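1. Could you work out the structure for the sequence below:
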Amino acid sequence: MWIASRIGFFSVVRNNQAPGREVHVLVRARCKADIFNLYRRFKKQYRITRPTADEARDYRWRVSMKRKDWSKILAALGSEIDYSNFKNAVGECPDQSNKHSAYLSIWSAMLRVQHGEDPTGKAKQQALFDWPDDMSREADLLAEYSSRFEDPASEPGG
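-> The predicted structure follows:
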């Protein structure tokens, strides 16, 4: 599971290293600020391991906790949504603003997926990516669509 929030970007998987691994999750982050935002925010309410770093792992920063605690954290983060444009809201957070363009790229990639469906919602067969052309297309899509969403009132989902 990937979670993009105003406090950080997280990847969450089952923690195979924890005793009782079936009830523990590993919350991973690429950025130190993200994992420490999560830890500082919720450590008094839930049992969360102190963040650790491992340069050999794909996600450098990690904490472990019980799955039920992660569910409660997700509910808390969800209840705080007070914006109509997520990318703009992230851009306003000093320690998250560096992610604005990354989120815009994800938005653009998922727009391509949406355009790959026919009107009934069925995925169309697509050829393998031609990366130079895809990057050029992504830049064109960004230019075409992002201007439509500059005004938060014009973008219902953010």
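2. which stretches of the protein form helices?
-> 32-42, 67-79, 86-91, 100-115, 131-146 (DSSP state H).
3. Dump these to CSV, plus mean neighbour count, mean pLDDT and distance to residue 50.
-> To be clear about C-beta, it is placed using only N, CA and C from the backbone, and glycine gets the same treatment. Listed next are the helices of the chain as CSV, based on neighbours: other Cβ atoms under 10 Å; pLDDT from 0 to 100; distance: least, Cβ to Cβ, whole Å:
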stretch, mean neighbour count, mean pLDDT, distance to residue 50
helix 32-42, 19, 98, 7
helix 67-79, 14, 97, 15
helix 86-91, 19, 89, 26
helix 100-115, 14, 87, 26
helix 131-146, 12, 61, 38
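4. So which of these is nearest residue 13?
-> Of all those, helix 67-79 sits nearest to residue 13, with 10.9 Å by Cβ to Cβ.
5. gap between the closest one and the chain center?
-> Mean-position distance between helix 67-79 and its chain equals 15 Å (Cα atoms, centre = their mean, to the nearest Å).
6. Counting by contacts, list what that helix packs against.
-> With contacts taken as 3 or more Cβ pairs under 8 Å, 6 or more residues apart in numbering; DSSP states H and E, helix 67-79 sits against strand 2-5, strand 24-29, helix 32-42.
7. what would the ones you listed look like in JSON lines with distance to residue 68?
-> As requested, these are exported to JSON lines (distance: least, Cβ to Cβ, whole Å):
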{"stretch": "strand 2-5", "distance to residue 68": "16"}
{"stretch": "strand 24-29", "distance to residue 68": "10"}
{"stretch": "helix 32-42", "distance to residue 68": "13"}
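8. So which of these is nearest residue 14?
-> Once the helices and strands packed on helix 67-79 are compared by Cβ to Cβ, strand 24-29 is nearest, at 6.3 Å.
9. closest to residue 1 out of the helices of the chain?
-> helix 67-79 (9.1 Å).
10. and the angle from the closest one to strand 24-29?
-> 40 degrees (axes from the mean of the first three to the mean of the last three Cα atoms, to 10 degrees).
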